[in-house]
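Participant: Below are the sequence and a predicted model; questions follow.
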Amino acid sequence: MYDHKHAAPSNAIAGDGAARDRIAALRELELYAYRVAVYLLGEGTAAEEAAKTALLELARHRTLGGVAPRVQQALAKRAVMKCALAIRRETAAQATKGPFLA
């Protein structure tokens, strides 16, 4: 998941309060997104990928840091569900192709 050691220095975004708020919101949502993904997909890389992709989508919401935590969680849940369904569809499509057509 997110590696705080390799995060951008705080002075890199010092001039943009909205960006700081968005990053803080994403950090708060990281574990929640992963838990939702695990619930939907089970443990493993599929859940990690769904959570990561959902968080990247949420990062595009400029107002994410300015809404209530309950709304942030609802947005995160919806994004994770969307990504989890896409991963499930992709996995099912690969399974129906068989080992020789993949």
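Facilitator: Cool, the structure landed.
Participant: Give the residue spans of this structure that score low on pLDDT.
Facilitator: 1-15, 98-102 (pLDDT under 70).
Participant: let's see it at 90
Facilitator: Across the chain, residues meeting the criterion (pLDDT under 90) sit at 1-19, 43, 61-63, 65, 91-102.
Participant: could you point out the longest helix in it?
Facilitator: As assigned by DSSP state H, the longest helix anywhere in the chain is helix 69-97.
Participant: helices and strands around it, which ones?
Facilitator: helix 17-41, helix 45-59 (3 or more Cβ pairs under 8 Å, 6 or more residues apart in numbering; DSSP states H and E). Using the backbone N, CA and C atoms, a C-beta is placed for each residue, glycine as well.
Participant: Tell me how many other residues crowd A50.
Facilitator: Counted with other Cβ atoms under 10 Å, residues neighbouring A50 total 27.
Participant: I misspoke; the intended subject was E49.
Facilitator: E49: 16 neighbours (other Cβ under 10 Å).
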